[in-house]
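**Q** 3D, please:
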Amino acid sequence: MTKNKSEYISRICEDVGRLAEDSDNVVIEEKGGDELEKISRSINRMSAELREKRRRELELERQRSELITNVSHDLRSPLTSIIGYVRLLRENGCRDEQKFNEYIEVTDRRLEGLSRLVNELFELTRLDSPDLTLNSEEGDLSGLVRQFGFEMGLILEQEGFSLECDTDENPYMMQLDYERFARVMQNLFANVIKYAAPGTKVRYTSRISGGEMEISLSNRLAEGARVDTANMFDRFYKEDSARSDTSGAGLGLAIAKRIVELHGGSITAETDKGELTVRIKLSAGSPARD
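**A** Residues are numbered from 1 along each chain as shown. The predicted structure is shown next:
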């Protein structure tokens, strides 16, 4: 018995030595039903935690690399345009008032795009911070949803759409960061305005059932629009044909997803016969992180 214990201890020591080099493939045999088995189990648990930590670090590194690549892409185009028009202004001055106004208008539009990109990057970085504190208070999400239905109906009408609202009248109380959740709704409606087929109807609904609330927003996609519902909430996601578009940096939906998750909810999307539907599900029993 002493020999067996000694051999088991030796194997444990060997495996522990290998953990530093190869935590992915080292699992210590758990046997004996004594203190040595408890030690082996603890070591395996620590090994699993190391693997998970390494996986998260690799994912963060991948996201950082992707972030740098996409920011570089989204900055290059407007900066090149701004530099070009500033040079034209320096060369031509005010000799042609019409061209001068055109150059200023384009430059101003590009600068606004850059400002949005920087602000969205700053917001997403703050939302990803482990030290983030939501400004949460007990509030009625149902009331906020109805309020947005009224406000966005007027805006969508100005953009040539119509809004069909079917929202639950019952209150839904939960810990809510009003300002940030309003940002979610703003970003979702902005996506509708950008990709919906002109002149079509947008459907906006909410339902409360079994302690949960579901909010959905549906619109007919514009002809030729392609939406990858599996990735549309990723950072810098854009429809391929819109990569050079300056009206957005592809961060709005990623920001919306992060805010919903911080409120303990989930957000998904699906398409059916040319119609895109985005759904938010929340539970009052899953409080906002604070």
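**Q** Report the mean confidence score over the host helix or strand of Tyr85.
**A** Secondary structure from DSSP states H and E places Tyr85 in helix 35-92. Per-residue confidence for helix 35-92 averages out to 75 on the pLDDT scale.
**Q** Number the chain from 655, please
**A** With 655 as the first residue, the last one maps to helix 689-746.
**Q** So the most centrally placed residue in the chain, which state does it fall into?
**A** What sits nearest the mean C-alpha location of the chain, by CA atoms, centre = their mean, is Ala908, with 1.9 Å. Following DSSP: H, G, I helix; E, B strand; the rest coil, we place Ala908 in the helix state.
**Q** I'd say it and Leu778 touch.
**A** Yes - taking CB atoms under 8 Å as the definition, Ala908 is a contact partner of Leu778 at 6.2 Å. All C-beta spots, glycine's among them, are computed from the backbone N, C-alpha and C.
**Q** about what we covered before: list the helices and strands the helix holding Tyr739 packs on?
**A** Here helix 689-746 touches helix 656-673, helix 751-782, going by 3 or more CB pairs under 8 Å, 6 or more residues apart in numbering; DSSP states H and E.
**Q** Confidence-wise, which of these is weakest overall?
**A** Least confident of the helices and strands packed on helix 689-746, judged by mean pLDDT, is helix 656-673 with a mean of 67.
**Q** show me where the stretch 805-944 of the chain has strands.
**A** Secondary structure of the stretch 805-944 of the chain (DSSP state E, counting those that start in this stretch): strands at 816-820, 827-830, 855-863, 866-874, 920-926, 929-937.
**Q** could you dump these to JSON lines with mean pLDDT and distance to Arg837?
**A** Written out in JSON lines, the entries for these read as follows (pLDDT from 0 to 100; distance: least, CB to CB, whole Å):
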{"stretch": "strand 816-820", "mean pLDDT": "94", "distance to Arg837": "19"}
{"stretch": "strand 827-830", "mean pLDDT": "92", "distance to Arg837": "12"}
{"stretch": "strand 855-863", "mean pLDDT": "95", "distance to Arg837": "17"}
{"stretch": "strand 866-874", "mean pLDDT": "95", "distance to Arg837": "14"}
{"stretch": "strand 920-926", "mean pLDDT": "93", "distance to Arg837": "13"}
{"stretch": "strand 929-937", "mean pLDDT": "94", "distance to Arg837": "13"}
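**Q** Dump these to TSV, plus distance to Ser719 and mean neighbour count.
**A** Listed next are these as TSV, based on distance: least, CB to CB, whole Å; neighbours: other CB atoms under 10 Å:
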stretch	distance to Ser719	mean neighbour count
strand 816-820	40	14
strand 827-830	35	19
strand 855-863	37	17
strand 866-874	32	20
strand 920-926	25	15
strand 929-937	28	19
